[in-house]
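J.: Kindly return the folded structure for what I paste below:
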Amino acid sequence: MPFLSILIVALMIVALIDVITRDDSQVKHLPKMVWIIIVILLPLIGSALWFGIGREYGEAGISLPRMRRAERRAGPVDVRLAPPTDVRTTEQQIADLDREIEEWRLREELERRRRDGEEPAAGTAS
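T.: Take a look at the predicted model:
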């Protein structure tokens, strides 16, 4: 059992040395300081993560399959805003809202009169 703990400490020291001696451009996914903290706090898991995903290997190192980035179109990108769907002026929109409010008010009044048993005035005199 002491052999295992010595092995874990040795792995942690090797990983720390590797993290510290690497250039920032050779460190992937997290900043170098975060990798150092992970390797110190979680020696076995942190070291495995460092050598598995955090380290940038050269051409002669471990070859892991990576997803390729989507290629971008060459040429200028059109960033014009879409034309507005409602071309009415603010005053026209307010007038439409006023008409709609009045329509709902009249509908409510008709519904109230029907409930109360009154007939709405038809405008004809008998």
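
J.: per-residue confidence for residue 101?
T.: The model reports residue 101 with a pLDDT of 97.

J.: Can you report how many residues lie near it?
T.: 10 (other C-beta atoms under 10 Å). Quick note: C-beta positions are derived from backbone N, CA and C, even for glycine.

J.: Likewise for residue 44?
T.: Residue 44, neighbours per other C-beta under 10 Å, totals 15.

J.: what does residue 22 give?
T.: Residues contacting residue 22 under the criterion other C-beta under 10 Å number 16.

J.: now it: how far from residue 13?
T.: 15 Å (C-beta to C-beta, to the nearest Å).

J.: pLDDT of stretch 104-119, averaged?
T.: 89.

J.: Could you give the separation of that stretch from the chain centroid?
T.: Relative to the chain's own centre, stretch 104-119 is displaced by 50 Å; criterion: C-alpha atoms, centre = their mean, to the nearest Å.

J.: Pull the residues that contact the lowest-mean-pLDDT helix or strand in the chain.
T.: The weakest-scoring helix or strand in the chain, judged by mean pLDDT, DSSP states H and E, is helix 43-49 (a mean of 77). Applying C-beta atoms under 8 Å, 6 or more residues apart in numbering, the contact partners of helix 43-49 are 8-9, 11-12, 14-15, 35, 38-40.

J.: right, and the helix or strand after that helix?
T.: For helix 43-49, the following helix or strand on the C-terminal side (DSSP states H and E) is helix 90-116.
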